[in-house]
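**Q** Need the 3D shape of this:
(chains A, B and C)
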Amino acid sequence: MAQLDVRDAIRKGLLAGVIALGLSVIGMVEAFDQRDVITDVFSLGQLLLFAAPAVVGFLVVKGRDIRAYGPALISGALAGVFAAIPIFLLLMLTLIYPGLRAQLVNVSPTLIGILTFGSGQIVGGLLLTAVMGVLGLVGATTHVIPDRISDPLVLGVGWTLLIGVLSEVLLNILRPLLPRGVLRFLFGTKGITLVTAVILLVLITVGIAWWRAQGRERYQKRIAARSAVQVANARRTSLGAGLLLLLVLPFILGTYLTEVVDNVGLYVLMGLGLNIVVGFAGLLDLGYVAFFAIGAYMMGILTSQGDLGVGGISFWLALPICVATSTIAGIILGTPVLRMRGDYLAIVTLGFGEIIRVLATSDLLKPVIGGAQGILQIPKPEIFGFTILQPQHFYYVILASVFLALFISSRLRDSRLGRQWMSLREDEDVAEAMGIHLVKTKLLAFGIGAAFSGLAGAIFAARLSSIFPHSFNLLISINVLSLIIVGGMGSLPGVVVGALVLVGLPELLREFAEYRLLLYGALLIAMMLRKPDGLWPSPVRRRELKAEEQEKLMMQAEGLE
Amino acid sequence: MPLLDAIKVTKRFGGLTAVNNLSFSIEKGAIVSIIGPNGAGKTTFFNCITGFYQIDEGDIVFDGRSAKGRSPDQITRMGISRTYQNIRLFAHMTALENILVGMEPRLHSTWLGAIFGLRSTLQEEERALDEARELLNFVGLTGKGDWLAKSLPYGDQRRLEIARALASKPKLLLLDEPTAGMNPRETAHTTTFIKQLRDELGITILLIEHDMRVVMGISEDITVLDYGEKIAKGTPVEIQNNPRVIEAYLGRGAAASATIEVAS
Amino acid sequence: MSQRFKDIDYIDLLLWLFRAVIIIIVIWGTVAKIFLGRGNAYTADDWIDFFVSGLSQGSLYALIALGYTLVYGVLFMINFAHGEFFMSGTMTATVFVALPLSASGFLDEHPIIGMLAIMLTAMLISIGVAVLTERVAYRPLRRAPRLVPLITAIGASFFWQYFFRGLYGSSLVPFPELAVLQGKYNLFGIEILKTRAVVVVASVVMLVGLYFFVMRTKTGKAIRAVAEDKDVAALMGIDVDRTIAITFATGAAMAGAAGVLYGLVFRQVHFFMGFVPGIKAFTAAVLGGIGSIPGAALGGLFLGVIEAVGPPLFLEGLGIPGGHQLKDVIAFTMLVLVLIFRPQGIIGERLAEKKA
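**A** Numbering: from 1, shown residues only, chains lettered A, B, ... in the order given. Okay, the predicted model is just below:
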């Protein structure tokens, strides 16, 4: 029992409990309870609530690396029980003071129902404590039993739950492919059925266990045995398959999901632009939405058939004009802030973004851009007599733009200009001493970044047919910044990954909407603390990680000498 | 005509005069040192030459053209390169990339060329890369081109910084304490290397140095600064026996009895 | 580095142009207003009213700006989440103390005790949020590159905004009216709304109090020592981490108090109320020279007055419709102008040098 640390378990348990309490009182548990992971058995809200004791149970024993069953299980259960205490106290409070909802709007009867399994504050509270205790115990167990059993099991549970959470998406894709009876068997009214969940859990767990035990080795052997030609062929095949998949994606996904993908695509486009400014050149720009707005408004003014349209020209003719306008705006707004460093630059660009937004809503520019009423009747683009109407059609416009932006970004990254940007980010003074023209280099970053954003804005305007100033608020800049930070600053695949995670996922889970920025905020902090290189680090950062390994190896080698 | 001619240069920071009425010149192909106690204004003078600071009075003429009022990048383009006292490499870039950035003044390709993959741009990059590898070999870092600058050992970082400075094919190279933090063996090696730079590449060299063995061993001419003013100028032997220099280094009183022992 | 000037190139030209345009707008508008009488006709009382409302708004900015200035002085970091410290205390105090007290009639019977209770709650909650934020999001990153804590600060800002939105809902919460503060004072023949007068007086008292706290007390000395040099302060036996936490707490306490005064003036609070005042208070801090306490006070008052007097004066003079909508544009333009042309602030000098 020497390894048992009661105070540590209690402290961590309470911390987890406070987090669970927080999730409950801000309404996340209730909102997410709308979505069943496993039909009528387990909801996303419950997943959120019960993750805390299970995770803390695991962490408590892992933190002290307790390997003996007795102490581990006791610590886990203790942490789990204490994770329930803050919520238990809340339940007692609602007994004494039922009017709490007047203050905390989300402490609703529904929430209390979820927290107590519908059985009254006292009984339910005790029940909750017991369940959390058991979950803490389960969490602790996964650290004690051998990894070869616990790893596949944990992954199996994780994947099953993820599939359950995303069941709506799957259902959308599978609906045209599978007969009705099968679908009804696999999917419940919301989420997957219990049977499906069990089947999935068994399949995934066994699959992973087999892979770990044998499959991986065999696969690696087969890979190692391939000839260079085979490798090249395999690569070409997978690349071709990937491209093909991207081309037919809208047919697989259907209208609603394609719309989500379109949105992700526009954010990728903006992300690639901001990535040049922030990721490559190291200039933190918080007013990035301004260029998106300029692109969109330019498209509106040039093509709208309403009162405000002045050009009446076609989408394709207007597109380059929008991009050019945004670029020029980027250069003009970039010029005065060039001599500022770091944090001041961030605040000034933020100020610029706000100025643009306020001007867009004001009466001053109303005759030109419509004030709060915005610009209406923006026609859909036409190509060879075919009108681009559906999200599925826009998908190809956006896909092409994203590819163009990716191509330009990667060419620039590996070019002389890319090196100039990188050196600027590293040490501005030395970069200048190396003969780099700071003004020109920074303005190019601002201009090209703004061009991508303007392109996204122009497409955005045509897609929605109408634009309003409130679509162009600071939150867009924050979204874009978050996604490139989460993906990995300076990393092109990182932008795509970031957009999928930060834009795609929340759109699939509509319950997220209210809490999206809360999660972004938490994620920004967590990423900076734990994984500042992002989910998909840029090549440079990876080299760096490799270099650190090299260093370690060298040190070891020196030690051997 | 001297390669670099600083005429009565003065640089003030608020009330402090860091460089005071300093005249100084270097002939083409010379190795010249500036020495002086800490805070004598040596690095400030470097910063004035490279355009990092704007001088308050006087003029600096390089290669027949005034460098006064020019920005650091313009001065680098005129043919002056430098290294830093506390190494300032681009830490998260590779050794090769560092050298390629140093080559900037000699590159002409544009970003549009890079996007469209123009033949001229690709050829220039190819040539630059070859040249960067040669430079890497020249400073003895063969095979370390893909290392990140920050993961190179200290001595290699010094050498990489010199390679980066050489990449612009400068006429004048300013070295700010190139042997700081080196052991005697490395120091001797670097000293030979500096001589080699002048003899093989014909680069004029101006260095700030604390290690008297280095200074006395390779400089043809030494200027001594104290409180921003020139207190002596001459050959190593002249400097060693100059009482004002001894006084500046060892303090009043010591001057009468001591000579600079490091020279022995 | 700051002594570096380039030869006159096109940027200087553009900047001069920029400056000239702004000056022309202001002068032309003012002249048009005063001598040609463009726009609405205002009486002298109206102008005094604009001025006093600007002053009371400005004193709020000043109180919030202190938080930016203190933290910047110590950590050289823009605490982007400071506006949320302001919001969190006020929201909580309004929902949990002000509204119940007002409903029970206590607030009208004992307005002073009631207001003190509200303020104390607001300050405590703001301090709690600030200390927690510092501990979790800033302290571990103290040696990281400068942009990193700025990014976590942005994250913290949005986290708190939506956290409190989740707690108290997204609708406007009314702040109770105090019976004693209705009506106007008559000061030398000038009528001033009581709330405004109280806000200005309370702010000035707190500003002065804070100034003495920083200048005279031992804790204040520790804060200044840490601002000068953290390593040396640590050698002198000062607990740097604790001092930094106290700095955050002090700024947050001022912000919490400012929030309650904000409630008195605007009679409503909501989860988004921290954002715009936050940026404006930052502007005020920069205007006065970030790092300087008197600077923050003056900068706040100056910004408040310009914002209140600007639209009726030079924007209406130019014949711009809906000038009051552009109040924020004036503030942000000032921010941009100051950061471009005089980053050390109007009266500040010391910190700009120290930064370099």
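
**Q** going forward, measure contacts and count neighbours with C-alpha atoms only.
**A** Will do.

**Q** and the nearest residue to A:L4 once chain neighbours are set aside, how far is that from chain C?
**A** Excluding the flanking residues, the one nearest A:L4 by C-alpha to C-alpha, 6 or more residues apart in numbering or on different chains is A:P71, at 5.2 Å. Distance from A:P71 to chain C, counting by C-alpha to the nearest C-alpha, to the nearest Å: 30 Å.

**Q** mean confidence score for the helix or strand where A:P71 lies?
**A** Take DSSP states H and E as the rule and A:P71 turns out to sit in helix A:69-96. Per-residue pLDDT values across helix A:69-96 average out to 90.

**Q** Show me what the following helix or strand past that helix is packed up against.
**A** With elements assigned by DSSP H and E, the helix or strand that comes after helix A:69-96 is helix A:109-116. For helix A:109-116, the packing partners by 3 or more C-alpha pairs under 8 Å, 6 or more residues apart in numbering or on different chains; DSSP states H and E come out as helix A:28-32, helix A:121-144.

**Q** could you dump the ones you listed to JSON lines with distance to A:L492, mean neighbour count and mean pLDDT?
**A** Formatted as JSON lines, those follow (distance: least, C-alpha to C-alpha, whole Å; neighbours: other C-alpha atoms under 10 Å in any protein chain shown; pLDDT from 0 to 100):
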{"stretch": "helix A:28-32", "distance to A:L492": "32", "mean neighbour count": "23", "mean pLDDT": "89"}
{"stretch": "helix A:121-144", "distance to A:L492": "37", "mean neighbour count": "22", "mean pLDDT": "90"}
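
**Q** what about the helices in the stretch 451-561 of chain A?
**A** Under the criterion DSSP state H, counting those that start in this stretch, the stretch 451-561 of chain A contains helices at A:474-487, A:492-499, A:505-508, A:516-530, A:539-560.

**Q** what's the least confident stretch among those?
**A** Across the helices of the stretch 451-561 of chain A, the lowest-scoring stretch is helix A:539-560, with a mean of 60.

**Q** related to what we said a few turns ago, redo the helices and strands packed on helix A:109-116 as JSON lines? Include distance to chain B.
**A** Formatted as JSON lines, those follow (distance: least, C-alpha to the nearest C-alpha, whole Å):
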{"stretch": "helix A:28-32", "distance to chain B": "41"}
{"stretch": "helix A:121-144", "distance to chain B": "36"}
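
**Q** Output those in JSON lines; the columns should cover distance to C:P277.
**A** Formatted as JSON lines, those follow (distance: least, C-alpha to C-alpha, whole Å):
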{"stretch": "helix A:28-32", "distance to C:P277": "28"}
{"stretch": "helix A:121-144", "distance to C:P277": "42"}
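
**Q** Go through these and name the closest to A:L444.
**A** Proximity to A:L444 (C-alpha to C-alpha) singles out helix A:28-32 among the helices and strands packed on helix A:109-116, at 43.3 Å.

**Q** and chain B, which of its residues are near chain A?
**A** B:50, B:52, B:72-77, B:81, B:88, B:90-93, B:97, B:101-105, B:109-111, B:114-115, B:125, B:147-148, B:151, B:165 (C-alpha under 8 Å from any C-alpha of the partner chain).

**Q** and the residues you listed, which are buried?
**A** Buried subset of the residues of chain B next to chain A (neighbour count, 16 or more other C-alpha atoms under 10 Å in any protein chain shown): B:50, B:52, B:72-77, B:81, B:88, B:90-93, B:97, B:101-105, B:109, B:111, B:114-115, B:125, B:147-148, B:151, B:165.

**Q** Filter those residues down to the ones in strands?
**A** B:S81 (DSSP state E).

**Q** close enough to count as contact, A:A445 and A:L284?
**A** No - between A:A445 and A:L284 no contact is recorded; they are 11.4 Å apart, counting by C-alpha atoms under 8 Å.

**Q** Look up the residues that both of the two are in contact with.
**A** Counting by C-alpha atoms under 8 Å, 6 or more residues apart in numbering or on different chains, the contacts common to A:A445 and A:L284 are A:V277.

**Q** mind giving me the domain ranges of the chain?
**A** Picking chain A for this. A:1-145, A:147-241, A:252-549 (automatic domain parsing).

**Q** wrong chain, I was asking about chain B
**A** B:1-79+B:171-264, B:91-169.

**Q** Just confirm yes or no for the helix or strand encompassing A:V358 near chain C.
**A** Assigned by DSSP H and E, A:V358 falls within helix A:342-361. Yes - counting by C-alpha under 8 Å from any C-alpha, contacts between helix A:342-361 and chain C involve A:G342, A:D343, A:Y344, A:V348, A:G351, A:F352, A:E354, A:I355, A:V358, A:L359.

**Q** what's the burial count for the first one?
**A** For A:G342, the neighbour count with other C-alpha atoms under 10 Å in any protein chain shown is 16.

**Q** Hmm, A:L283 and it touching each other?
**A** Yes - at 6.7 Å, A:G342 and A:L283 qualify as touching, with contact defined as C-alpha under 8 Å.

**Q** how about the nearest residue to whichever residue of the stretch 401-550 of chain A sits closest to chain C, chain neighbours excluded?
**A** In the stretch 401-550 of chain A, the residue that lies nearest chain C is A:G521 (3.7 Å; C-alpha to the nearest C-alpha). Spatial nearest neighbour of A:G521, excluding adjacent residues (C-alpha to C-alpha, 6+ apart): C:G155 at 3.7 Å.

**Q** Spit out the contact partners of the one you found.
**A** Contacts of C:G155 by C-alpha under 8 Å, 6+ apart are A:Y520, A:G521, A:A522, A:L523, A:L524, A:I525.

**Q** Distance to C:G274 and neighbour count added to the residues you listed, as CSV?
**A** Formatted as CSV, the contacts of C:G155 follow (distance: C-alpha to C-alpha, whole Å; neighbours: other C-alpha atoms under 10 Å in any protein chain shown):
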residue, distance to C:G274, neighbour count
A:Y520, 18, 22
A:G521, 16, 27
A:A522, 18, 19
A:L523, 21, 21
A:L524, 20, 27
A:I525, 19, 25
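
**Q** Among those residues, which pair sits farthest apart?
**A** A:Y520 and A:I525 (8.6 Å).

**Q** Out of the helices and strands packed on helix A:109-116, the one nearest chain C is which?
**A** helix A:28-32 (8.0 Å).

**Q** helices or strands up against that closest one?
**A** helix A:44-63, helix A:109-116.

**Q** Highest mean neighbour count out of these?
**A** Highest mean neighbour count among the helices and strands packed on helix A:28-32 (mean count of other C-alpha atoms under 10 Å in any protein chain shown): helix A:44-63, with a mean of 24.

**Q** Can that one be said to contact chain C?
**A** No - using C-alpha under 8 Å from any C-alpha, helix A:44-63 never reaches chain C; the gap is at least 15.0 Å.

**Q** so how far is chain B from the residue lying closest to A:G351 once chain neighbours are set aside?
**A** Computed as C-alpha to C-alpha, 6+ apart, the closest residue to A:G351 that is not its neighbour in sequence is C:F332, at 5.2 Å. According to C-alpha to the nearest C-alpha, C:F332 stands 31 Å off from chain B.

**Q** where does the chain have low pLDDT?
**A** If you meant another chain, say so; for now it's chain A. Applying pLDDT under 70 to chain A flags the ranges A:1-3, A:341, A:539-561.

**Q** Can you look at chain C instead?
**A** Applying pLDDT under 70 to chain C flags residues C:1-11, C:37-39, C:317, C:319, C:321-323, C:346-356.

**Q** could you pull out the strands for chain C?
**A** Under DSSP E, chain C gives strands at C:173-174, C:184-187, C:190-193, C:268-269.

**Q** most tightly surrounded among the ones you listed?
**A** Buried most deeply of these, by mean count of other C-alpha under 10 Å, is strand C:268-269, with a mean of 20.
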